[in-house]
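>>> kindly return the folded structure for what I paste below:
(chains A and B)
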Protein chains: 2
Amino acid sequence: MKIAFQGIKGAYSELALYEHFGRNAESVGFDSFDEMFEAVADASVDFAVVPVENTIAGTVVENYDLLLSHDIFIVAEIFMKIRHTLLAKKGVVLNDIKEAYSHPHALRQCKEFLRTHNIEPMPVYDTAGAAERVSQWDRKDCAAIASELCAEIYGMDILSKDIQTNKSNTTRFFVIIKKENLTDEIVHEKTTIAFKIQHYPGALVDCLKTFQENRLNLTKLESRPIPENPWEYVFYTDFDGGMDSEVVRHTLEELEQRSLFIKILGSYPKGTDCW
Amino acid sequence: MKIAFQGIKGAYSELALYEHFGRNAESVGFDSFDEMFEAVADASVDFAVVPVENTIAGTVVENYDLLLSHDIFIVAEIFMKIRHTLLAKKGVVLNDIKEAYSHPHALRQCKEFLRTHNIEPMPVYDTAGAAERVSQWDRKDCAAIASELCAEIYGMDILSKDIQTNKSNTTRFFVIIKKENLTDEIVHEKTTIAFKIQHYPGALVDCLKTFQENRLNLTKLESRPIPENPWEYVFYTDFDGGMDSEVVRHTLEELEQRSLFIKILGSYPKGTDCW
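Take a look at the predicted model:
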């Protein structure tokens, strides 16, 4: 069973993948989210793990666009705390570190730690790539900020753990499969859909009333402009209840009549929520 | 009159500032959004220009959090197309360029151009910083990807314009002032608020119905988790209508009764919308 993630070995997405599928899962890294979705679509992988929201950076809108444009289905959600780790070649000590390489987001999140230890932040493309690079250099004054998993993968020492300032930095991931490979085995507790509303004031409320009338609780709602069509929005929403429930199916039929367009993106068990 | 932006001279935020206030405005760059909001709060600047949403990268959630936690008021919105430009030292030609320095987002948006011209992408912290750096180096094989404004500021040549793949990349900015400095001169056409809903299924719809009953059209709606309070969300919404309208004031009074909390973030003229 092959499971896709975006990035190179040791990326936070790969860590989420192992948390969900176990440490023996066969993970496959892709350069871009596009290529990862294509791999799911042509069934060269069985699943993909897709980051969709982060408490600091917000929604990964690119991935919602890809969920909308591909024939996929969400079968699980994963919430994972992002714990940044300072890694260096074996034998290197914290006091000698002058430079830390990582993605700009990670560097910013660890700004206080870097200041305190007088370490210069050095931006690169990704966290795991920084770890790989530092592990290959013959230098004792530089480190990488990346996941703990990178220590194992690139044979590095952990100099300091949990070095981010904001301790509640959490990413939400979806696990997706090709839609036609969907089986009946999945527990349905939560559903994610996209819909477009009609063009009159109050159209959104008319759509959302459908959920209220059927006593379904919305847990996320977001509007996203469609650049090609000014004034048009797609709404993404999550709600409690699965597609195996009569009430949910009935609600979505009603919603379909009130909206311009609706697409069911997935129905899946609730993740252990650490928002 | 001093106007704040985040970044160094030539940042896209400074370009938005000039588009709105004119080329003679006195712009002041700040290292972080935090510091920029503090400068508005302690009145050391008169206005600040704050990016809040981008068609590719989505909502800048950090800035919505800052809008919520500061006593500020939004007095204008600006929509600006992001046009990436390839810049180099005077006399350098496109054929000689081997490396292009810029923020990872900008590099990714210009991936096709860079591939076609066989240019290696080199990530750094920000676009304008890349331009400044390249302008100071004594090298003829490197360029920066940044705003056109940087050519003028750092005395560089423009090698190629509009090099991004997606031509509809647009950023929305808010212009904010300290709340107590609000005057009566502003035209009110659109309003932005934050609110928290009560804890029962359908609570969101009950809040949104207030707008529908009063025939006010929502133009944006977004939920944002509060990391410290699991399951709690703040909703941000924009709607047509200004605070000088009786209907809007009445609607917000009703909303206040139906919600746990409401904060008016601003009321301002409609920007020229290029979503």
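>>> look up how far chain B lies from A:G29.
According to Cβ to the nearest Cβ, to the nearest Å, A:G29 stands 17 Å off from chain B. C-beta here means a position set from N, CA and C on the backbone, and glycine is covered the same way.
>>> tally of neighbours for that residue?
17 (other Cβ atoms under 10 Å in any protein chain shown).
>>> doesn't A:L17 make contact with it?
No. Between A:G29 and A:L17 there is no contact under Cβ atoms under 8 Å: 9.9 Å.
>>> which neighbours do those two have in common?
A:F5 (Cβ atoms under 8 Å, 6 or more residues apart in numbering or on different chains).
>>> what's the longest helix in chain A?
Counting by DSSP state H, the longest helix found in chain A is helix A:246-258.
>>> chain B contacts on the stretch 101-250 of chain A?
Contact residues, the stretch 101-250 of chain A versus chain B (Cβ under 8 Å from any Cβ of the partner chain): A:103-104, A:123-125, A:166, A:168-170, A:201-202, A:204-206, A:208-209, A:211-212, A:215-218, A:220-225, A:227-228, A:230-231, A:233, A:235, A:240.
>>> filter those residues down to the ones in strands?
Cross-referencing these against strands under DSSP state E gives A:123, A:170, A:218, A:220-225, A:233, A:235, A:240.
>>> now these in JSON lines, please, with extra columns for pLDDT and neighbour count.
Listed next are these as JSON lines, based on pLDDT from 0 to 100; neighbours: other Cβ atoms under 10 Å in any protein chain shown:
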{"residue": "A:P123", "pLDDT": "90", "neighbour count": "20"}
{"residue": "A:T170", "pLDDT": "90", "neighbour count": "19"}
{"residue": "A:L218", "pLDDT": "87", "neighbour count": "20"}
{"residue": "A:K220", "pLDDT": "86", "neighbour count": "19"}
{"residue": "A:L221", "pLDDT": "88", "neighbour count": "20"}
{"residue": "A:E222", "pLDDT": "86", "neighbour count": "23"}
{"residue": "A:S223", "pLDDT": "84", "neighbour count": "21"}
{"residue": "A:R224", "pLDDT": "81", "neighbour count": "22"}
{"residue": "A:P225", "pLDDT": "73", "neighbour count": "22"}
{"residue": "A:Y233", "pLDDT": "79", "neighbour count": "19"}
{"residue": "A:F235", "pLDDT": "92", "neighbour count": "19"}
{"residue": "A:D240", "pLDDT": "91", "neighbour count": "17"}
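>>> still on that earlier bit, for the longest helix of chain A, name the packing helices and strands.
Applying 3 or more Cβ pairs under 8 Å, 6 or more residues apart in numbering or on different chains; DSSP states H and E, we find helix A:246-258 packed against strand A:190-196, helix A:203-213, strand A:261-268.
>>> as TSV, those with mean neighbour count would be great.
As requested, the helices and strands packed on helix A:246-258 are exported to TSV (neighbours: other Cβ atoms under 10 Å in any protein chain shown):
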stretch	mean neighbour count
strand A:190-196	21
helix A:203-213	21
strand A:261-268	19
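>>> in CSV, list these along with mean pLDDT.
Output for the helices and strands packed on helix A:246-258, formatted as CSV (pLDDT from 0 to 100):
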stretch, mean pLDDT
strand A:190-196, 96
helix A:203-213, 91
strand A:261-268, 96
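>>> which one of these lies nearest to A:D96?
Checking the helices and strands packed on helix A:246-258 against A:D96 by Cβ to Cβ gives strand A:261-268 as the closest, at 46.7 Å.
>>> what's the angle from the longest helix of chain A to helix A:203-213?
160 degrees (axes from the mean of the first three to the mean of the last three Cα atoms, to 10 degrees).
>>> flag every buried residue along helix A:246-258.
Burial within helix A:246-258, assessed by neighbour count using 16 or more other Cβ atoms under 10 Å in any protein chain shown, is assigned to A:248, A:251-252, A:254-255, A:258.
>>> over to stretch A:71-87?
Buried residues in stretch A:71-87 (16+ other Cβ under 10 Å): A:72-80, A:82, A:84-87.
>>> next, give me the two most distant ones among those residues.
The farthest-apart pair in those, when distances are taken by Cβ to Cβ, is A:F73 and A:L86, at 38.7 Å.
>>> just the helices in the stretch 51-200 of chain A please.
Along the stretch 51-200 of chain A, counting by DSSP state H, counting those that start in this stretch, helices occupy A:61-69, A:104-109, A:111-116, A:127-136, A:149-154.
>>> what comes into contact with the third one?
By that I understand helix A:111-116. Contacts with helix A:111-116, where a contact means Cβ under 8 Å, 6+ apart, come from A:86, A:100, A:107, A:119-121, A:160, A:163-165.
>>> send the alpha carbons of stretch A:95-113 over as PDB?
Taking Å, rounded to 0.1, in the frame of the first residue of the first chain, the C-alpha atoms of stretch A:95-113 are listed here in PDB:
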ATOM      1  CA  ASN A  95      26.900  26.400  21.700                       C
ATOM      2  CA  ASP A  96      28.800  26.200  18.400                       C
ATOM      3  CA  ILE A  97      25.700  26.800  16.200                       C
ATOM      4  CA  LYS A  98      25.900  30.100  14.300                       C
ATOM      5  CA  GLU A  99      23.300  29.400  11.500                       C
ATOM      6  CA  ALA A 100      20.000  27.600  11.400                       C
ATOM      7  CA  TYR A 101      18.500  26.500   8.000                       C
ATOM      8  CA  SER A 102      14.700  26.000   7.500                       C
ATOM      9  CA  HIS A 103      11.600  27.200   5.700                       C
ATOM     10  CA  PRO A 104      10.800  30.900   6.400                       C
ATOM     11  CA  HIS A 105       7.600  30.000   8.300                       C
ATOM     12  CA  ALA A 106       9.500  27.700  10.700                       C
ATOM     13  CA  LEU A 107      12.300  30.200  11.200                       C
ATOM     14  CA  ARG A 108       9.700  32.900  12.100                       C
ATOM     15  CA  GLN A 109       8.000  30.500  14.500                       C
ATOM     16  CA  CYS A 110      11.300  29.900  16.300                       C
ATOM     17  CA  LYS A 111      12.500  33.500  16.200                       C
ATOM     18  CA  GLU A 112      12.700  33.900  20.000                       C
ATOM     19  CA  PHE A 113      14.800  30.700  20.400                       C
END
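>>> how far away is the spatially closest residue to A:N54 that is not a sequence neighbour from A:L15?
Spatial nearest neighbour of A:N54, excluding adjacent residues (Cβ to Cβ, 6 or more residues apart in numbering or on different chains): A:T171 at 4.7 Å. Distance, A:T171 to A:L15, using Cβ to Cβ, to the nearest Å: 10 Å.
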